[in-house]
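Q: Could you look at this predicted model? Sequence included:
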Amino acid sequence: MVSIDSTGRVVLVTGGNRGIGRAIAERFVQEGYRVAVTARSGEGPEGTLTVRADVTDSAAIDAAFTEVERQLGPVEVVVANAGITKDTLLLRMSEDDFDSVVATNLGGSFRVVKRASKGMLKARFGRVILISSVVGLYGSAGQVNYASSKSALVGFARSLTRELGARNITANVVAPGFIETDMTAELDESTQAEYRKAIPAGRYGSAAEVAAAVTWLASDDSAYISGAVIPVDGGLGMGH
């Protein structure tokens, strides 16, 4: 059986100007996709189209998609990666700390995927990839808001699979563990060593390793996988 060539498919990665999102966008470019990224500031990697958008703003998301569709074509692969943290213990967590994280991480994914699904339904093809976190199912003190928003993406992907699976649209979750990014680099050495001790692989992952899992889920090789949680965490959470 000859698989359809994925080269040239249009991908949109939210928050693709830095960290894991940037690595994902770079990998898609390397593999021949036409890639757009959303960013509130800064630019995506070379070879990508950068569009300004805040994922908490439906009108901004619609405008960003319209621009991508005009320049590249309908979005066939969407990677909902944009996210924020506002870490603090539950008793100190304000309602805004909770609501803003959920509005960005979960609500942002909802807005982006809802807008993308219109074109996917018309094309009878789509790949939805939600970037969660090991924390979503493993839990983490001081991250009630973040963990809630990230675990909710599992229910989102599985419900979407039941709604759209018959239209050749898949929805999966990638759950990174501790990845070498600017955020982890800010941790002091003793904290980093403590975290590494808990990881069976004995090391942090790289953003490129997360990107490899994402691009595989976008490919034709994973066409029969939907509603799955793919851990990229060195065995820390093991997907739960």
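A: Thanks, I have the structure now.

Q: ok, and what's touching the worst-scoring helix or strand of the chain on mean pLDDT?
A: Ranked by mean pLDDT, DSSP states H and E, the weakest helix or strand in the chain is helix 182-185, scoring a mean of 72. Counting contacts by CB atoms under 8 Å, 6 or more residues apart in numbering, the residues outside helix 182-185 that touch it are Arg18, Gly19, Thr85, Phe178, Gln192, Tyr204. (C-beta placed from N, C-alpha, C; glycine too.)

Q: from what I can see the second one touches Val210, true?
A: This means Gly19. No. Counting by CB atoms under 8 Å, Gly19 sits too far from Val210 to count as a contact (9.6 Å).

Q: which of these two has more neighbours?
A: Higher neighbour count among Gly19 and Val210: Val210, with 27 against 19, using other CB atoms under 10 Å.

Q: Helices along the protein, start to end?
A: 19-30, 58-71, 95-102, 108-123, 134-138, 144-164, 182-185, 189-198, 207-218 (DSSP state H).

Q: Most tightly packed of the ones you listed?
A: Each of these was scored by mean neighbour count; the highest is helix 19-30, a mean of 24, by mean count of other CB atoms under 10 Å.

Q: Which strands and helices lie in contact with it?
A: Helices and strands touching helix 19-30, by 3 or more CB pairs under 8 Å, 6 or more residues apart in numbering; DSSP states H and E, are strand 10-14, strand 34-39, strand 77-80, helix 207-218.

Q: Quick one: low-confidence residue ranges for this structure.
A: Low-confidence segments of the chain, defined by pLDDT under 70: 1-7, 183, 239-240.

Q: can you rerun that using 90?
A: Along the chain, the parts satisfying pLDDT under 90 run over 1-8, 181-195, 238-240.

Q: Many thanks, we can stop here.
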